[in-house]
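Colleague: Sequence first, predicted model second:
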Amino acid sequence: MENNVNKNDDLPLEIEKSHIGNKTALYITGRIDTQTAPEFQEYMDGFFDELDGDLVLDFSDVDYLSSAGLRAILYVQKRMKTLGDDGFNLSIVNVNPAVMEVFEMTGFTDVINVSAK
């Protein structure tokens, strides 16, 4: 597993990457909020060039998701659809109840494959 520690150690967000067959899993730790969403989106922009299959975001250790975080995830979803011949799929797994409620209330569960812990 490759560890990609954030550039600014004051930001409460870490991302680790691993490959599972033709899928890539990103293990997110911390909060995706106004402060960290730009960092998350910047990381993803650099990451898309190496992506060659579906992407799984593991939210086991994400304890908070704000509207800025939702926008960043929507951005990722839109970019995923432009990759490959038919686009690649995005899944978000192991979502805790509080964050799952945010996904459900905003209708994200209708457009992205999101599953609870």
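Modeller: The structure has been received and is ready for your questions. Predicted, not measured: the structure shown is a model, and the values here were computed from it. Residues are numbered from 1 along each chain as shown.
Colleague: When you work out contacts or count neighbours from here on, use the C-alpha atoms and nothing else.
Modeller: Noted.
Colleague: Can you list phi and psi of the residue sitting furthest away from the middle of the chain for me?
Modeller: The outermost residue of the chain relative to its centre, with distances by Cα atoms, centre = their mean, is residue 85 at 21.7 Å. Here is the backbone geometry of residue 85 (degrees, to the nearest 10): phi -70, psi -40.
Colleague: how close does it sit to residue 52?
Modeller: In this view, residue 85 and residue 52 are 11 Å apart by Cα to Cα, to the nearest Å.
Colleague: again with residue 103
Modeller: According to Cα to Cα, residue 103 stands 26 Å off from residue 52.
Colleague: Give me the more crowded residue out of these two.
Modeller: Neighbours per residue (other Cα atoms under 10 Å) separate residue 103 from residue 52, with residue 103 holding more: 19 against 14.
Colleague: Please write out the alpha-carbon positions of the longest helix along the chain in CSV.
Modeller: If you go by DSSP state H, the chain has its longest helix at helix 67-80. In CSV, the C-alpha atoms belonging to helix 67-80 read as follows (Å, rounded to 0.1, in the frame of the first residue of the first chain):
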residue,chain,number,x,y,z
SER,A,67,-20.9,20.5,1.2
ALA,A,68,-17.4,21.4,-0.1
GLY,A,69,-16.6,17.7,0.2
LEU,A,70,-19.7,16.8,-1.7
ARG,A,71,-18.7,19.1,-4.5
ALA,A,72,-15.2,17.5,-4.6
ILE,A,73,-16.8,14.0,-4.8
LEU,A,74,-19.2,15.2,-7.6
TYR,A,75,-16.2,16.6,-9.4
VAL,A,76,-14.5,13.1,-9.1
GLN,A,77,-17.6,11.4,-10.3
LYS,A,78,-17.8,13.6,-13.4
ARG,A,79,-14.1,13.1,-14.2
MET,A,80,-14.5,9.3,-13.9
